[in-house]
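S.K.: Need coordinates for the following:
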Amino acid sequence: MRRLLALSVLVLAVMLGGCHDMTHSAPVPVAGFVTDMKSFDAFIATHPTPDQFHSTYPDVLLVLPGMPSTREFRNNNSRYFAQLDKDGRITGGKFM
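M.R.: Residues are numbered from 1 along each chain as shown. Alright, predicted model coming up:
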């Protein structure tokens, strides 16, 4: 009888162990301009929304299609020209 009870408790614990909130935590904001390109590319690969981009990289100017911008040369990764998919998510782009 004790074995059956112990086995039942174990099975219940295993079943409930998979029931937890699967939401992702918000990314930590990165201060300054982009210096870690590997992390930045990994972030872009998640196809973030413009709001998620602003939250994660608040110091980088995000230029979306159709937005007016100047064309001065920047070499400090401070301005990102994004490409969007049909849902408005960032799928790629380039620093200029």
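S.K.: Quick check, central residue of this structure?
M.R.: Residue closest to the mean C-alpha point of the chain, counted by Cα atoms, centre = their mean, is residue 43 at 4.7 Å.
S.K.: Surely it forms part of a helix?
M.R.: Yes. Counting by DSSP: H, G, I helix; E, B strand; the rest coil, residue 43 is located in a helix.
S.K.: who's in contact with it?
M.R.: Residues near residue 43 by Cβ atoms under 8 Å, 6 or more residues apart in numbering: 27, 56, 57. Where C-beta positions appear, they are placed from N, C-alpha and C, glycine not excepted.
S.K.: Likewise for residue 90?
M.R.: Applying Cβ under 8 Å, 6+ apart, the residues contacting residue 90 are 44, 47, 48, 49, 50, 53, 82, 83, 84.
S.K.: Residue 74 reaches residue 80, doesn't it?
M.R.: No. Judged on Cβ atoms under 8 Å, residue 74 makes no contact with residue 80 at a distance of 10.2 Å.
S.K.: Please compare these two by neighbour count and tell me which comes out ahead.
M.R.: Set side by side, residue 74 and residue 80 show more neighbours around residue 80, with 21 against 13, by other Cβ atoms under 10 Å.
S.K.: Tell me which stretches of the chain form strands.
M.R.: Counting by DSSP state E, the segments of the chain that form strands are 61-63, 79-84, 90-95.
S.K.: now the ones you listed in TSV, with mean pLDDT and distance to residue 32?
M.R.: Formatted as TSV, the strands of the chain follow (pLDDT from 0 to 100; distance: least, Cβ to Cβ, whole Å):
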stretch	mean pLDDT	distance to residue 32
strand 61-63	97	13
strand 79-84	97	13
strand 90-95	96	14
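S.K.: Which residue is the nearest non-sequential neighbour of residue 89?
M.R.: residue 47 (4.2 Å; Cβ to Cβ, 6 or more residues apart in numbering).
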